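**Q** Structure, please.
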Amino acid sequence: MTNPTSAPVHGAAASDAVGPVDVVLPCLDEAEALPWVLARIPEGWRALVVDNGSTDGSPEIARALGATVVEEPRRGFGSACDAGLRAATADIVCFCDCDASLDPGLLVPFVAEVRAGRSDLVLGRRRPAGRGAWPAHARAGNLALARLLRRRTGLRLHDLGPLRAARRTDLLGLALTDRRSGYPLEMVVRAADAGWRVAEHDVPYLPRSGASKVTGTWRGTWHAVRDMSRVLREEPAAADAVQAGAAR
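**A** This next block holds a predicted model:
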């Protein structure tokens, strides 16, 4: 297994990422952010806005802006991500927060890297690009988890950010089970167990629109860390079983 690098992807043009791509956007009351996010979906890609119980008209706004809306009544970040993945049909699936903190256009070189076979999973390492973009308590929790992840898998990652790309069939083969805040970490852990090549690249992280549902408070951060710590305590998945599932 190769260690990830935080160096930027060089020479990756939009033409390298030609082909079907679905972008999963977990959404809970993001009416204010949706126009900005959806305007930045690369041309020819499909936005899958997974509504997780919004009450601010987010689904209607998303549809009006041309997105495909997936309804997921079971609350939880992992529930929304899983519903989006299962609704996707493209060869490559991306994930991005729907709060305007990350530009989905940054996924173009990620997709090119996966499509070219240089990496199996590409992650964005968030680099704060504005005051208040990443609260201190959220950064601290993320750093602690990255260190635990390194100890568990050997991957020298710095972030467990939501901006990521991989092949749909491979992701389904990982058979992820977490439906809360542990979903992003479980994806990386099981990918590592299966011997995937994981890459990490810097991306600007902007102040989000509205209040965070997960890491906006110390309490929310603690719950997220608790969910993710539970994932790290699980026994390593049988590599042969995970790889067999990814090959289907």
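
**Q** any idea which helix or strand comes after the lengthiest helix in the chain?
**A** The single longest helix within the chain, with elements called by DSSP state H, is helix 136-153. Downstream of helix 136-153, the first helix or strand assigned by DSSP states H and E is strand 164-167.

**Q** Please enumerate residues in contact with that next one?
**A** 91-95, 107, 110-111, 113-114, 120-124, 184, 187, 191 (Cβ atoms under 8 Å, 6 or more residues apart in numbering). Any C-beta I mention is one placed from the backbone N, CA and C, and that applies to glycine too.

**Q** Report the buried members of these.
**A** Neighbour counting by 16 or more other Cβ atoms under 10 Å classes 92-95, 107, 110-111, 113-114, 120-124, 184, 187, 191 among those as buried.

**Q** Which of the residues you listed fall in strands?
**A** Counting by DSSP state E, the part of the buried ones among the contacts of strand 164-167 found in strands is 92-95, 121-124.

**Q** Out of those, the closest to Thr153 would be?
**A** Nearest to Thr153 among those is Leu121, at 12.0 Å by Cβ to Cβ.

**Q** Beta-bridge partners for that closest one, please?
**A** Judged by DSSP bridges, the bridge partners of Leu121 are Ala166, Val198.

**Q** and the gap between it and Asp103?
**A** Separation of Leu121 from Asp103 (Cβ to Cβ, to the nearest Å): 20 Å.

**Q** where do the strands sit along this structure?
**A** 21-27, 46-51, 68-71, 92-95, 121-128, 164-167, 198-205.

**Q** what residues does the fifth one touch?
**A** When contacts are defined by Cβ under 8 Å, 6+ apart, strand 121-128 is touched by residues 4, 6, 102, 106, 110, 113-114, 134, 157-166, 187-188, 191, 196-205.
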